[in-house]
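A structural model of the following input is requested.
(one chain, ligands or ions: 2)
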Amino acid sequence: MANLFNPSFVFLLSLFLAHQATATSHHHHDLKSLHFSLYQQETINKTGYIVVNGVAGPPVGQTTTPFGTVFVFRDHLTLRANASSKVVGISEGTSITSALDGLQSISVAKITLKMKGMVGSLSILGSVHNTRASKLPVVGGTEDFMFVQGYIVSSPVDLQGIDVTYKVEFHLYWPPYASFAKF
Ligand SMILES: *[C@@H]1O[C@H](CO)[C@@H](O)[C@H](O)[C@H]1NC(C)=O
Ligand SMILES: *[C@@H]1O[C@H](CO)[C@@H](O)[C@H](O)[C@H]1NC(C)=O
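Ligands and ions are numbered 1, 2, ... in the order given. Sure, this is the predicted structure:
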């Protein structure tokens with residue numbers, strides 16, 4: 001039988017306990033990252049509006065807005081490209097045309113999600129190109145997305161007419177400390 005006060009036994013025991021603690025914490029938060037795509041459905045003058053007219057550059061067109069245009073939106077996020085597919089979230093925010101050729105804007109959005117058994121919101125801040133895929137950093141989150149980091153990729157699917165669809169890919173990563181602060 002091992003001598004309980006033998007220093008090497010104590011050392012082995014502490015190694016064992018340390019390993020147990022690590023294994024437990026890994027087990028508790030095996031949710032380290034999440035990757036999925038949704039579709040943002042926007043209807044001009046219904047879910048998205050120009051609220052301040054721009055001052056320079058090309059006129060308002062299918063893909064351009066004058067420099068300084070302030071656009072505000074509150075769009076549904078659906079599971080599939082079809083606008084009548086299941087709504088699992090909303091994206092609300094604003095974009096301000098910041099390129100003189102009218103093709104790029106600074107976008108700020110709060111994305112609220114209720115899907116995959118998770119509820120909460122993500123905050124997005126970055127630059128969006130009107131005709132190309134844009135990568136925007138996730139700067140934070142709430143509830144089940146508290147402390148989440150990562151990025152989204154927003155790309156136009158259909159820019160014809162007043163109903164506009166964007167594909168939004170989510171790449172979310174939870175830092176190790178996220179599990180220590182549940183709200
Ligand atoms: C949206 O409304 C504005 C202001 O009434 C109008 O000038 C514009 O043509 C409308 N856009 C579309 C695509 O209907
Ligand atoms: C979208 O879904 C609706 C309802 O399921 C269906 O009637 C319609 O044909 C679909 N549209 C396209 C473009 O697939």
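
Show me the helices in the chain, by range?
Using DSSP state H, the helices of the chain run over residues 7-28.

Which residues of it lie near ligand 1?
Neighbours of ligand 1 within the chain, by C-beta under 6 Å from any ligand atom: 44-45, 162. Every C-beta, even on glycine, is put in place using the N, C-alpha and C of the backbone.

what about the closest residue to residue 97 other than its chain neighbours, neighbour count?
Distance criterion C-beta to C-beta, 6 or more residues apart in numbering; nearest residue to residue 97, sequence neighbours excluded, is residue 69 at 4.2 Å. Residues lying near residue 69 (other C-beta atoms under 10 Å) number 21.

tell me the contacts of residue 69?
Contact analysis of residue 69 by C-beta atoms under 8 Å, 6 or more residues apart in numbering lists 50, 52-54, 60, 96-97, 105.

ok, the closest residue in space to residue 98 that isn't next to it in sequence to ligand 1 distance?
Residue nearest to residue 98 in three dimensions, not counting chain neighbours: residue 106, with 4.9 Å by C-beta to C-beta, 6+ apart. Per C-beta to the nearest ligand atom, to the nearest Å, residue 106 is found 22 Å from ligand 1.

does residue 106 have beta-bridge partners, and which?
residue 96, residue 127 (DSSP bridges).

swap in residue 67?
Residues in beta-bridge contact with residue 67 (DSSP bridges): residue 56.

just checking, it touches residue 97?
Yes: if you go by C-beta atoms under 8 Å, residue 67 and residue 97 touch, sitting 5.5 Å apart.

what do these two both touch?
54, 57.

Would you check how far apart residue 81 and residue 96 are?
Using C-beta to C-beta, to the nearest Å, we find residue 81 at a distance of 27 Å from residue 96.

One more: residue 159?
19 Å.

How about the contacts made by the residue nearest to residue 98?
Applying C-beta under 8 Å, 6+ apart, the residues contacting residue 106 are 95-96, 98, 126-128.

nearest spatial neighbour of residue 162, skipping sequence neighbours?
Looking at residue 162 with C-beta to C-beta, 6+ apart, the closest residue is residue 44, at 4.3 Å.

so how many other residues sit close to that neighbour?
16.

per-residue confidence at it?
Note for residue 44: predicted pLDDT of 95.

What residues are bridge-paired with it?
residue 48.

Report whether the expected contact of it with residue 159 is present.
No: if you go by C-beta under 8 Å, residue 44 and residue 159 don't touch, sitting 10.6 Å apart.

quick revisit: neighbour-wise, which of residue 67 and residue 97 wins?
residue 97 (29 against 19).

Show the end-to-end separation of stretch 80-91, please.
Using C-alpha to C-alpha, to the nearest Å, the end-to-end distance of stretch 80-91 comes out at 15 Å.

Buried residues, that stretch. List them.
Buried residues in stretch 80-91, defined by neighbour count with 16 or more other C-beta atoms under 10 Å: 88-91.
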